[in-house]
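Q: what's the 3D shape of this:
(2 chains, ligands or ions: 2)
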Amino acid sequence: MKLELKGITKRFPGVVANDHVDLEIETGEILCLLGENGAGKSTLMNILYGLYSADEGDIVIDGKVQNFAGPGDAIAAGIGMVHQHFMLVPVFTVAENVVLGVEPMRSAGILDLDEARRDVEAISNQYNLAVDPNAVIEELPVGIQQRVEIIKVLFRDAEILVFDEPTAVLTPQEVDEFFKIVDKLKQDGKGIIFITHKLKEVLEIADRIAVLRRGAVVGTADPATATESGLAEMMVGRPVDLMVHKAPSHPGEAVLSVSDLTVMNIQGRKAVDGVSFEVRRNEIVGIAGVQGNGQTELVEALTGLREVAGGTVLIQGEDHTDSNPRQIHNAGVAHVPEDRQRSGLILGFTLTENFVLDSYHAVPFSEGIKMDWKASREEANRLIEEFDVRTPSSEIPASNLSGGNQQKVIVAREFGRQVDLVIASQPTRGVDVGSIEFIHERIVSERDAGSAVLIVSTELDEVMALSDRILVMFDGRIVAEKRPEETTNAELGLYMAGAS
Amino acid sequence: MGNVTAVMTRPTDSRSPAELRRSRVLAIVYLVLALLVLWAFGFGSEGSATFVISRPGDAIRVGDISVPGAGLAFVVAAVLAFLGARQWMAGFGSKTNLVLAIGLGLVALSFLAWAADGASFSLVGLLQEAIKRAVPITFGAVSGLLCERTGIINIGIEGMLLGGAFTGAIVGSTLGATAAMIAAALVGGLLALLLAVLTVKYRVDQIIAGVVINIFVLGLTSFYTSQFLVANPALNNAPIMRAFGIPLLADIPLIGPVLFDQNIFVYAMYLLVAITTFTLFRTRWGLRTRAVGEKPRAADTVGINVYRTKYRNVIIGGLVAGFGGAYFTIGSVGRFDENMTAGRGFIGLAAMIFGRWHPVGAVSAALVFGLADSLQVKLGILDTPIPSEFLAMAPYLVTIVVVAGLVGRSRPPSDYTAYVKE
Ligand SMILES: Nc1ncnc2c1ncn2[C@@H]1O[C@H](COP(=O)(O)OP(=O)(O)OP(=O)(O)O)[C@@H](O)[C@H]1O
Ligand SMILES: [Mg+2]
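A: Numbering: from 1, shown residues only, chains lettered A, B, ... in the order given. Ligands and ions are numbered 1, 2, ... in the order given. Predicted coordinates for the structure are as follows:
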């Protein structure tokens, strides 16, 4: 099967998301689609999948022009898509999610869930995608949820599979597994369109590379000859420094002191188990670990979003163990949460509203009970400018931004004021290389200005590049403490897997 | 590791802090109720109340039961105290609401024994009435959950019930009962279509759209009643559906007359609950409905038509509410009076929430409200020291207490924001 996109154009109010894009892909190959945040990658794929309709241009399959009225038509034509933000019903089981829309039935509309379970098991055996068909989605880690998305696509017999930033939420081990699956799919003659911001992955897996900038295809590259810095420059339009530059740190007094902290997860089990550490002025501490080893709960407890079951948290010497988020915010703490759509933004609010979300109650953004929207808008525009958020205006809802730009809004809000402590979870998740460079520079300059910085990331490279000191978390405890210059990715990987 | 001494910490409790708080509140409620029962009914009753269980014409007759009010109160108080203690320490998990309903039922029973102290009181009559009064509430609740399961809040149930009642009276008076039921359902469906157009197509705020429907129907029916029905009494004189027993089942003592010697609306309620439970959780339609409610974009990406699903469900919900509304006229008194639904649609919404958006939960909650309602009617006959105005408040009071304090935070099954397709 051969798929061609011809002259695809899509305009949103104030932006041309896709500008006469031409692209082709055949079954049996892997095409990597690169581009900075807001370049129009997700939009293009949503058009291909029938979710958006193009203003101009055609989708052609094996020489025949297609007319997709909705995803149903695209699915019927053999196109499958794993979305940037997963499309699973959280309260349904794996089997229910997989068959939704093409349900096996006993008769007259009555579901055959046994058949559904068998179908899931068959696919999961064939492609080594281990998953329990009876598990409820909201209780599964993201890595497994992604397997469900893949099974869902395979169940619909897709020939061309689109993966929109599948590796952004995966741990290094999961990425390796994912690549094995993608390879197997390719061997089976499927065509794959793969979107990512991680250039290393592109060079590892791509057969062809296409780069999008500001809605238009600006070039293609051959993975055999391409380099990371070459691709980065092509994406952003200027040379990008992929290294983090920082002077050796000279830590001062402790800003955050955590001692013997214990926190429960939603199921009531110990997620953080007697953890103690300090983060000092002029120091970046990185917490490495496989997702789900208590980092989420640790950060939520430190930022007042989750109840502390035992131990103490001191911020600049003051007890903030049971403080609420605003008290902690007022104590000079910035927080970049790990899930931007769930806890970082109010998607239906405008950018301006999101930018003042933490400070709307004080001068200069309000006086008494009256909001000062003029001052708020000025602040919003200043941050948009400074942090290079790609948006037509400050007055559109956050949901209209591309994933990476949503992330930049949060980083801008949190870094846009004077703080003593920065707590950032996955600060660069889904962000393009140019912006990663920028965010990393900001983090280092926060440190140099005297802040204490705590970074939590499942991205080992990021932790290694940024941290002055690395803590490895496993099963709710800190199992190792290393300086980046005296350890390696491989050694940290062992600690992350539970070796001690 | 040499350190094997078990550290005694607080016993591991799997309840989250929020659940724990709710458990504590509930436990205190149980204890207060226990004390109340003890003090008011235990020490306030002297003789016995006689509960009549069979009716004169029943095939199998069972003797009346004489209950000493004080004794019963002591037992009920003890049970409540036990429930309170258990709730405090371990909780009842997913059965919390069920246990609460049983607890409230016991309080009601004890209250009855006290109110009927020294007299005789028909338990059959009370329960029969409770079932009847649960009918419109159940129809309202199921209508509500059919809509909410696809992400549309239906505040307009009250209006749909009222519209059904009005239509039932007029069509019943002119064309007969069968036509009346069909017409009432259609009117409900039509109002629901309006709700769907407003909320799905024009993305009007769902609460406002519902309130508009309520005001519209209330105004219209009141106007026509005073301008039209008062002058033409023949148009407001509908036949009343008679009760008929189901062979064999109706002969079971107590249960028979209460459950199986009723009119068609009660049987329709049983069917409604059975059918919606089955279809919501066992059929393709149900799976898609719930998917659209929980995560419309996910449903869209697998080719389900989100808008069509919402329209369809809201209209079905309207048909259900309209039919249920006919109960007020042809199922009960045979004539229409201004605003005769008197908030039953809203109580239906409360029952839906108390029943956690499940048809069986909804009907159970509706029965609690129905019981409160029928107590109020039946106790009016007995000579109690409580003023009748206070008795009339009972169903609403139960609603407020249940919704405000005791159900805890229920997570609605839906994303209620308007779905926008690019
Ligand atoms: N629903 C929408 N309404 C209005 N504008 C939109 C909408 N979706 C996307 N856009 C705009 O279209 C442009 C392209 O967005 P898109 O999501 O395709 O970017 P992307 O390349 O996937 O970026 P990222 O790498 O950050 O995910 C952005 O400027 C974005 O603001
Ligand atoms: Mg994207």
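Q: what does the stretch 351-500 of chain A put close to ligand 1?
A: By C-beta under 6 Å from any ligand atom, the residues of the stretch 351-500 of chain A that approach ligand 1 are A:390-391, A:400-405. Yep, even glycine has a C-beta here, placed from its N, CA and C like the rest.
Q: which secondary element of chain B has the worst mean pLDDT?
A: Each helix and strand of chain B was given a mean pLDDT (mean pLDDT, DSSP states H and E); the minimum falls on helix B:388-400 at a mean of 78.
Q: Over to stretch A:105-119 now: how far is its first residue from its last?
A: By C-alpha to C-alpha, to the nearest Å, the extent of stretch A:105-119 from end to end equals 13 Å.
Q: So residue A:392 versus residue B:140, what's the distance?
A: 46 Å (C-beta to C-beta, to the nearest Å).
Q: which of the two has more neighbours?
A: residue B:140 (32 against 12; other C-beta atoms under 10 Å in any protein chain shown).
Q: quick one on the thing from earlier: between the residues of the stretch 351-500 of chain A next to ligand 1, which sits nearest residue A:113?
A: Using C-beta to C-beta, residue A:403 comes nearest to residue A:113 of those, at 33.4 Å.
Q: Could you report the neighbour count for the residue nearest to the closest one when sequence neighbours are not counted?
A: If the residues on either side of it in the chain are set aside, residue A:403 comes closest to residue A:430, at 4.7 Å by C-beta to C-beta, 6 or more residues apart in numbering or on different chains. Residues contacting residue A:430 under the criterion other C-beta under 10 Å number 22.
Q: so residue A:430 touches residue A:168, yeah?
A: Yes: if you go by C-beta atoms under 8 Å, residue A:430 and residue A:168 touch, sitting 4.7 Å apart.
Q: Common neighbours of those two, please.
A: Residues touching both residue A:430 and residue A:168 by C-beta atoms under 8 Å, 6 or more residues apart in numbering or on different chains: A:84, A:197.
Q: Kindly report the residues of the stretch 201-350 of chain A close to ligand 1.
A: Residues of the stretch 201-350 of chain A lying near ligand 1 (C-beta under 6 Å from any ligand atom): none found.
Q: which residue ranges form the helices in the stretch 201-350 of chain A?
A: Assigned helices in the stretch 201-350 of chain A, in chain order: A:228-236, A:295-302, A:325-330 (criterion: DSSP state H, counting those that start in this stretch).
Q: Convert stretch A:400-412 to CSV, retaining C-alpha atoms only.
A: Extracted C-alpha coordinates of stretch A:400-412, given in CSV (Å, rounded to 0.1, in the frame of the first residue of the first chain):
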residue,chain,number,x,y,z
ASN,A,400,-5.3,25.0,21.2
LEU,A,401,-1.6,25.0,21.7
SER,A,402,0.6,22.1,20.5
GLY,A,403,1.8,19.7,23.2
GLY,A,404,5.3,21.2,23.5
ASN,A,405,4.0,24.7,23.6
GLN,A,406,1.7,23.8,26.5
GLN,A,407,4.7,22.6,28.3
LYS,A,408,6.5,25.9,27.6
VAL,A,409,3.6,27.9,29.1
ILE,A,410,4.0,26.0,32.4
VAL,A,411,7.8,26.4,32.4
ALA,A,412,7.4,30.2,31.7
